[in-house]
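S.K.: how does the following fold in three dimensions:
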Amino acid sequence: MTKRNDTGPDGERLGAPPPACASRRSLLKLGAATGMASLGAVAPIAARAAETDDTKTAHQSQPFFGVHQSGIVTPEPAAATMVAFDVLAQNRPDMERLLRTLTERISFLMVGGPVPARDPLLPAADSGLLGPVVVPDNLTVTVALGASMFDGRFGLAHLKPKHLVRMSQFPNDALDDRICHGDMLIQFCANREETVIHALRDIIKNTPDLLTVRWKIDGFLPADTVRELGKETVRNLLGFKDGTANLAASDDELMNRHVWVQPGADEPAWTAGGSYQVVRIIRNLVEHWDRTPLNEQQQIFGRYKMNGAPLGEKHEHDVPDYADDPKGLRIPLTAHIRRANPRTPETQSSLILRRPYNFSKGASSNGQLDMGLIFVCFQSNLAAGFLTVQDRLNGEALEEYIKPIGGGYFFVLPGVPKLDRFLGDTLLSA
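M.R.: Modelled structure (predicted):
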């Protein structure tokens, strides 16, 4: 006779079997009664908590007016959409009308309010996606211009930011022109995807003769990151923490040095308060990555996968001592973190503010998952920032698992400091 095993596969004790006299029907009745009692006690509490959380986050808001636009040093909420537009305006007055319209709509959407009533025989004033009252939901809408805006259409060629260029192809890129470049980039970020969609549709509705969508990509963050808004490092779809050594967005001195163009800089005067924005759509070859040994993955990044600590260290934010590891015995010389930021006095000028999002778009025609990273960064000097960092990363081991396919370079307009001003007014009046 075989002896009954009272332990599970991990050695834990299994519960005693039900009494022999217990019928299946009685056990189902008991389970149902117990479940209903639990639900009766827990469900209302959970519902109230969810309702409270939703109400609280729905009314979170970021300032529209200020020296800088929101959405750069603002902590990242859960949802984002990057939309590049071709500008249909043909002359300077139309360009001003576009910028004034964007200012009016964005300043409303970021604060919210009741949807105005209209004659039902006319198109509705709002899509209705958020109901009769638009809530801010932590929305930020950030407007940037591409190099193509400084052609001959608006007489702005002599005012182009010094380092603003059309994105070129690096050795590992496979750029698809259909999802590259653009006259204007508008970055939408909010707590919920519905809020982002609502804002995008509002902008499109109110600029029918001025803008047309060139490309669009939607991004998201993991739930645990969102709960710790601005405090927890984003984990990318390769499973590693992304941006551990990022600049502290709350440090004004750092932001002024590395992110915001300063008055008196070697740039057109109107650019003060703005920033260069890079967007790179990067496919992750996750099937190949998921079959790669963990140790090799960690050597490629230079960090432990689970806690994000540099190899040889214990904690995520421990600073690696490369001077004490000149041959790369702990952190390989080819590791991503070592190439991206060698931590030498000479490379301090190439620090950038990262603001990435993950994306997932289904599957490709050959049956591979179409997902990856929307790499976003900001800097006061595109050449000294992203372009220098990317030159150091060319040829890194990670390139076997990633493929940049789209994006572009843009210049974020300075903020709107007060009510009687509008986005880009310093550019048009320069």
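
S.K.: can you map out the strands along the stretch 251-400 of the chain?
M.R.: 275-284, 353-354, 357-363, 369-379 (DSSP state E, counting those that start in this stretch).

S.K.: what residues are up against the residue most central in space within the chain?
M.R.: The centre of the chain sits closest to Y357, judged by C-alpha atoms, centre = their mean, with a distance of 3.4 Å. Contact analysis of Y357 by C-beta atoms under 8 Å, 6 or more residues apart in numbering lists 76, 80, 219-221, 234, 373-374, 376. For the C-beta atoms, the positions are set from N, CA and C on the backbone; glycine is no exception.

S.K.: and if we set it to 7 Å?
M.R.: Applying C-beta atoms under 7 Å, 6 or more residues apart in numbering, we find Y357 in contact with 80, 219-221, 374.

S.K.: surely L373 touches N236?
M.R.: Yes. Using C-beta atoms under 7 Å, L373 is in contact with N236, at 5.4 Å.

S.K.: which of those two has more residues huddled nearby?
M.R.: Comparing L373 with N236 by other C-beta atoms under 10 Å, the one with more neighbours is L373, at 22 against 19.

S.K.: count of residues packed around the nearest residue to that one once chain neighbours are set aside?
M.R.: Closest residue to L373 apart from its sequence neighbours, by C-beta to C-beta, 6 or more residues apart in numbering: I282 at 4.6 Å. Applying other C-beta under 10 Å, we find 20 residues neighbouring I282.

S.K.: ditto for T334
M.R.: Counted with other C-beta under 10 Å, T334 comes out at 15.

S.K.: can you tell me how far the residue nearest to I72 when sequence neighbours are not counted sits from V278?
M.R.: Of all residues beyond its chain neighbours, the one nearest I72 is F378 (5.3 Å), with distances taken as C-beta to C-beta, 6+ apart. From F378 across to V278, the span is 8 Å (C-beta to C-beta, to the nearest Å).

S.K.: more neighbours, these two?
M.R.: F378 (28 against 22).

S.K.: mutual contacts of F378 and V278, please.
M.R.: In contact with both F378 and V278: no residue, using C-beta under 7 Å, 6+ apart.

S.K.: doesn't Q187 belong to a strand?
M.R.: Yes. Assessed with DSSP: H, G, I helix; E, B strand; the rest coil, Q187 lies in a strand.

S.K.: how about the closest residue to L145 other than its chain neighbours, what does it touch?
M.R.: Distances taken as C-beta to C-beta, 6+ apart place F411 nearest to L145, at 5.4 Å, with adjacent residues excluded. Residues in contact with F411 (C-beta under 7 Å, 6+ apart) are 144-145, 161, 164, 271, 274, 276.

S.K.: mind running it again at 8 Å?
M.R.: Counting by C-beta under 8 Å, 6+ apart, the residues that F411 touches are 144-145, 161, 164, 271, 274-277.

S.K.: kindly report the same for K216.
M.R.: 81-84, 200.

S.K.: how many residues are close by the spatially closest residue to V279 that is not a sequence neighbour?
M.R.: Spatial nearest neighbour of V279, excluding adjacent residues (C-beta to C-beta, 6+ apart): G407 at 4.2 Å. Using other C-beta under 10 Å, G407 has 26 neighbouring residues.

S.K.: just to revisit the earlier point, and the residue nearest to the centre of the chain, how far is that from F422?
M.R.: Distance from Y357 to F422, by C-beta to C-beta: 28 Å.

S.K.: what's the answer for W215, then?
M.R.: 26 Å.

S.K.: between those two, who's got more neighbours?
M.R.: Using other C-beta under 10 Å, the more surrounded residue of W215 and F422 is W215, with 21 against 18.

S.K.: so what pairs up with that one in the strands?
M.R.: A84 (DSSP bridges).

S.K.: what residues are up against D425?
M.R.: Shown in contact with D425 (C-beta under 8 Å, 6+ apart): 99, 416.

S.K.: let's go with 10 Å and repeat that
M.R.: D425 is in contact with 96, 99-100, 103, 270, 413-414, 416-417, counting by C-beta atoms under 10 Å, 6 or more residues apart in numbering.

S.K.: return the member of those nearest to L393.
M.R.: Among those, L413 lies closest to L393 (C-beta to C-beta), at 28.6 Å.

S.K.: ok, the closest one touching Q187?
M.R.: No. Contact status for L413 versus Q187: not in contact, 11.8 Å apart, counting by C-beta atoms under 10 Å.
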